[in-house]
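In: Need the 3D shape of this:
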Amino acid sequence: MTGSGVYVHVPFCARRCSYCSFVTAVGRQGEEAYFDALELEAEARLGELPLPIDTAYFGGGTPSYVDPARLGRLILLVRGAGARLVEVTAEGNPDDLDVTTLDGLSAAGVNRLSLGIQSLEDAELALLDRRHDSAGALVALRRAAPRFERISADLMIGIPGQTRESLRRSVEGILESGAGHVSAYLLEIEKAPGLLALREESPGLFADDEEVAERWEEVNEALESAGLARYELSNWARPGQESRHNLKYWEGEPVLGLGLAAHSFDGETRRANTASMEEYLRRVGERGRAEATRSRLPAEEAIRERALLGLRVASGISEEEYDRACSTAGADERERLGRCEEAALLERREGRIRLTRRGVLLSNEVFSLLV
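Out: The predicted structure is shown next:
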């Protein structure tokens with residue numbers, strides 16, 4: 001085990017983006033009560049994690065939207081529980097990141113900033129209901145670079161109206177800013193009513209699956225040519241700049257989730273907090289915890305899940321682990337997994353098995369057989 005991690009959910013946002021499916025709250029109403037509850041929950045639950053605790057991650061929502069001192073108090077609580085934090089990440093929206101906020105985040109103990117850039121094209125940002133424009137995003141990136149050890153930028157593929165040329169410009173702009181980590185995601189509109197309606201009205205704005213795959217290939221080539229290796233399905237990094245915290249999810253390490261709808265995993269059991277703000281405040285106030293669900297996979301399902309998550313990482317998993325997972329699958333699934341190898345979606349090399357480049361693009365076909 002490399003170490004445990006702490007995830008803290010900060011739900012507050014100035015505005016909800018059109019594609020967002022996370023648990024969020026628009027505005028700052030109830031912010032003080034929420035952070036008081038977060039501190040109570042942290043004090044009650046940090047002892048659940050095995051030491052060492054080496055990462056903390058503030059996600060959202062928009063952590064940069066709130067007073068950085070609030071994050072700082074939680075970081076102190078984590079350190080007080082015996083953590084030796086190597087990586088402390090905060091997600092941020094470019095529109096929030098003036099010099100005062102950036103300095104406040106750094107002073108609070110954040111050493112890795114993850115910026116929700118998504119695009120450097122103003123028309124594309126407007127369709128996503130992002131608050132920033134391309135100029136503001138570049139200013140935020142350049143301001144952040146000297147203040148944090150590591151900078152990550154989110155990029156979205158498949159935005160309505162996006163072209164290969166506009167996507168290429170966004171990639172080039174992010175690389176020129178000095179970001180050492182890029183997370184590139186495919187736009188999912190199934191939970192975005194506004195974008196679904198737009199697709200009905202103007203289907204020509206939306207790329208088909210084949211075109212999106214071609215764009216992913218171009219992004220991958222551009223990032224790898226610039227020295228950012230793909231280390232997970234959607235993540236590229238310069239050597240040493242991989243997200244230590246996110247690797248914990250894919251490698252099955254313990255993570256404690258604090259806050260609204262936050263998820264925890266101790267290596268065997270998964271727990272999820274309530275997604276209701278009223279319930280969260282009440283439960284934490286009464287007993288320091290807000291757990292709403294708890295589940296533990298049967299042994300064979302856990303073996304397959306571990307293999308599925310491990311295959312997300314570019315280095316893959318051991319052949320022994322993969323073969324053990326296959327042995328727990330049904331006969332039909334085993335046969336189809338064999339065909340995945342024959343079709344060069346999976347490759348065996350030096351005792352490990354991993355997704356090929358083509359396999360990355362068709363990864364859901366592989367993963368569905370391990371569920």
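
In: just for the protein, where's the confidence low?
Out: Applying pLDDT under 70 to the chain picks out residues 1, 191.

In: in what helix or strand does the residue minimising distance to the centre of it lie?
Out: Centroid-nearest residue in the chain, with Cα atoms, centre = their mean: residue 246, separated by 6.7 Å. Using DSSP states H and E, residue 246 sits within helix 244-251.

In: swap in residue 167?
Out: Here residue 167 is assigned to helix 164-177, by DSSP H and E.

In: which helices and strands sit right next to that helix?
Out: Where contact means 3 or more Cβ pairs under 8 Å, 6 or more residues apart in numbering; DSSP states H and E, helix 164-177 is packed against helix 134-144, strand 150-157, helix 209-225. For glycine as for every other residue, the C-beta is placed from the backbone atoms N, C-alpha and C.

In: So what touches it?
Out: 117, 119-121, 124, 134, 138, 141-142, 145, 151, 153, 155, 157, 182, 214-215, 218-219, 222-223, 226, 228 (Cβ atoms under 8 Å, 6 or more residues apart in numbering).

In: Can you point out the buried residues in the helix holding residue 246?
Out: Judged by neighbour count using 16 or more other Cβ atoms under 10 Å, the buried positions of helix 244-251 are 244, 245, 246, 247, 248, 249, 250.

In: helices and strands around that helix, which ones?
Out: Counting by 3+ Cβ pairs under 8 Å, 6+ apart, helix 244-251 packs on strand 4-10, strand 53-60, strand 87-92, strand 229-232, strand 255-258, helix 299-312.

In: hang on, isn't residue 97 packed against residue 144?
Out: Yes: counting by Cβ atoms under 8 Å, residue 97 touches residue 144, with 6.5 Å between them.

In: so what sits against both of the two?
Out: Residues touching both residue 97 and residue 144 (Cβ under 8 Å, 6+ apart) are residue 115.

In: Test my guess that residue 92 contacts residue 60.
Out: No: look at residue 92 against residue 60 with Cβ under 8 Å: they stay out of range, at 9.3 Å.

In: What residue spans form the domains of the protein?
Out: Per automatic domain parsing, the domain ranges recorded for the chain read 4-249, 299-367.

In: what separates the last one from the chain centre, distance-wise?
Out: To tie it back to what came earlier, the one meant is domain 299-367. 22 Å (Cα atoms, centre = their mean, to the nearest Å).

In: start to end distance for that domain?
Out: Across its full length, domain 299-367 reaches 18 Å between end residues, using Cα to Cα, to the nearest Å.

In: Also the longest one?
Out: As for domain 4-249, its first-to-last residue distance stands at 10 Å under the measure Cα to Cα.

In: show me what contacts the spatially closest residue to residue 137 that is not a sequence neighbour?
Out: Closest residue in space to residue 137, ignoring its immediate chain neighbours: residue 94 at 4.4 Å, by Cβ to Cβ, 6 or more residues apart in numbering. Contact analysis of residue 94 by Cβ under 8 Å, 6+ apart lists 115, 116, 117, 132, 136, 137, 139, 140, 141.

In: Can I have the buried ones of those as a PyMOL selection?
Out: To isolate the buried members of these in PyMOL, using 16+ other Cβ under 10 Å:
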select buried, resi 115+116+117+132+136+137+139+140+141
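
In: Which two of the contacts of residue 94 have the greatest separation?
Out: Within the contacts of residue 94, 116 and 139 form the most distant pair, 14.6 Å apart (Cβ to Cβ).

In: and the helix holding residue 246 with strand 87-92, angle?
Out: Orientation of helix 244-251 against strand 87-92 (axes from the mean of the first three to the mean of the last three Cα atoms, to 10 degrees) gives an angle of 100 degrees.

In: Name the residues that touch helix 244-251?
Out: With Cβ under 8 Å, 6+ apart as the test, helix 244-251 has contacts from 2-5, 7, 54-57, 86-87, 89, 232, 235, 253-255, 265, 309-310, 312-313.

In: try 7 Å this time
Out: 5, 54-55, 57, 86-87, 89, 232, 255, 309-310, 312-313 (Cβ atoms under 7 Å, 6 or more residues apart in numbering).

In: by how many degrees do it and strand 150-157 diverge?
Out: With the same axes, to 10 degrees as the basis, helix 244-251 and strand 150-157 are set at 60 degrees to each other.

In: distance between helix 244-251 and the chain's centre?
Out: The chain centroid and the centroid of helix 244-251 are separated by 10 Å, computed with Cα atoms, centre = their mean.

In: between it and strand 53-60, how big is the angle?
Out: 100 degrees.

In: got a list of what residue 273 touches?
Out: Contacts of residue 273 by Cβ under 7 Å, 6+ apart are 257, 259, 260, 261, 262, 280, 290, 291, 292.

In: Count the neighbours of the spatially closest residue to it that is not a sequence neighbour for me.
Out: Among residues not flanking residue 273 along the chain, residue 290 sits closest, at 4.4 Å (Cβ to Cβ, 6+ apart). By the criterion of other Cβ atoms under 10 Å, residue 290 has 28 neighbours.

In: Could you do the one 4 residues further on as well?
Out: Residues near residue 294, counting by other Cβ under 10 Å, number 10.

In: Checking it next. Helix, strand or coil?
Out: Under the three-state scheme (DSSP: H, G, I helix; E, B strand; the rest coil), residue 294 adopts strand.

In: Roughly how far does it sit from residue 251?
Out: The gap separating residue 294 from residue 251 is 22 Å, by Cβ to Cβ, to the nearest Å.

In: Over to residue 182?
Out: 21 Å.

In: cool, and residue 90?
Out: Note on residue 90: its distance to residue 251, by Cβ to Cβ, is 22 Å.
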